[in-house]
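[1] this is a predicted model, with the sequence first.
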Amino acid sequence: MKPNLHNITLAQVAGTKEQFIDDPLYQFAFSGRSNVGKSSLINSLLERKAIAKVSSNPGHTITVNFFNVDDKLYLVDLPGYGYAKRGGKDKKQWASVTDSYFTQNPNIDKLCSIIQLVDLKIGPTVDDKGMINFMNNLNLPYIIVATKSDKLKKLEFQKALTKLQTNPIFREGTKFIPFSIKTGLGKVELQTEIYRRAKLII
Ligand SMILES: Nc1nc2c(ncn2[C@@H]2O[C@H](COP(=O)(O)OP(=O)(O)OP(=O)(O)O)[C@@H](O)[C@H]2O)c(=O)[nH]1
Ligand SMILES: [Mg+2]
């Protein structure tokens, strides 16, 4: 059964790996460079305006935030990578908490899929390619969300999407979903894909 989107809580804000959620529910983690739209995507999927904090300044999300969706699954908002301005101790803290979600997380087997965001207009950056190679090497399941698609006109949109889908860096059979918070494109498709992977619907 589909989750009741009226029953959502921010269950955990984790600044260290010891604070990661430890329970049997499936998790879906949102990954991508800073400012690509991870928190916005979570709000859209949960049909809320601001349950996940959005900012026009990159580097907004600095903790790993677990949203409990009707006690059926977690959406996990991760800090973005590739934000050069954040230096020193902060950058290390960010890198370590995101990194440890993937590499030192005793509940990694609960990670059902990574939702990897790529800006459709920009295409995969060097950092995105690093993340995609990392997921390929660790055999982690992922879905590619091509976001901010509203920024492209129809013809450019089709061209950019085909270019992305034919990029050999992605694992064969990869699911691509074009998305926009502005037009609502891709929202229902991604909700359905998540519920299906979490075995809530067939
Ligand atoms: N045009 C357009 N803008 C978007 C879209 N999605 C997000 N944005 C904008 O992009 C900016 C960054 O969005 P966030 O959701 O905070 O990005 P984030 O990936 O969570 O960023 P960090 O927390 O820094 O990693 C905001 O100004 C959003 O309004 C989209 O589909 N289309
Ligand atoms: Mg964010």
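    Thanks, I have it. Ligands and ions are numbered 1, 2, ... in the order given.

[2] nearest spatial neighbour of the residue in the chain positioned nearest to ligand 1, skipping sequence neighbours?
    Using CB to the nearest ligand atom, the point where the chain gets nearest to ligand 1 is residue 80, with a distance of 2.5 Å. Where C-beta positions appear, they are placed from N, C-alpha and C, glycine not excepted. Among residues not flanking residue 80 along the chain, residue 34 sits closest, at 3.1 Å (CB to CB, 6 or more residues apart in numbering).

[3] pLDDT score for that neighbour?
    What the model reports for residue 34 is a pLDDT of 88.

[4] and it, how many residues sit next to it?
    When neighbours are counted by other CB atoms under 10 Å, residue 34 registers 22.

[5] how about the residues of this structure near ligand 1?
    Applying CB under 6 Å from any ligand atom, we find that the chain lies next to ligand 1 at 32, 34-40, 54-56, 58-61, 79-80, 147-148, 150-151, 180-182.

[6] of those, buried ones?
    Of all those considered here, the ones buried according to neighbour count by 16 or more other CB atoms under 10 Å are 32, 34-40, 54, 58-61, 79-80, 147-148, 180-181.

[7] quick check: phi and psi at the residue nearest to residue 80.
    Note on residue 34: backbone dihedrals following degrees, to the nearest 10 are phi -60, psi 140.

[8] ditto for residue 110
    Dihedral angles for residue 110 - degrees, to the nearest 10 - are phi -90, psi -10.

[9] that one against residue 20, yeah?
    No - under the criterion of CB atoms under 8 Å, residue 110 is not in contact with residue 20, lying 9.9 Å apart.

[10] quick check: buried residues in stretch 98-110?
    If you call a residue buried by 16+ other CB under 10 Å, then stretch 98-110 has these buried ones: 98, 100-102, 105, 110.

[11] how about stretch 151-160?
    Of the residues in stretch 151-160, those buried under the neighbour-count criterion (16+ other CB under 10 Å) are 152, 157, 160.

[12] for that stretch, C-alpha coordinates in PDB please.
    What follows is the C-alpha trace of stretch 151-160 in PDB, where atoms were taken according to Å, rounded to 0.1, in the frame of the first residue of the first chain:
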ATOM      1  CA  LYS A 151      15.400  25.300 -17.600                       C
ATOM      2  CA  LEU A 152      15.500  23.700 -21.100                       C
ATOM      3  CA  LYS A 153      13.300  24.300 -24.100                       C
ATOM      4  CA  LYS A 154      11.600  21.300 -25.600                       C
ATOM      5  CA  LEU A 155      14.300  20.500 -28.300                       C
ATOM      6  CA  GLU A 156      17.200  21.100 -25.900                       C
ATOM      7  CA  PHE A 157      15.500  19.000 -23.300                       C
ATOM      8  CA  GLN A 158      15.200  16.000 -25.600                       C
ATOM      9  CA  LYS A 159      18.800  16.400 -26.800                       C
ATOM     10  CA  ALA A 160      20.100  16.700 -23.200                       C
END
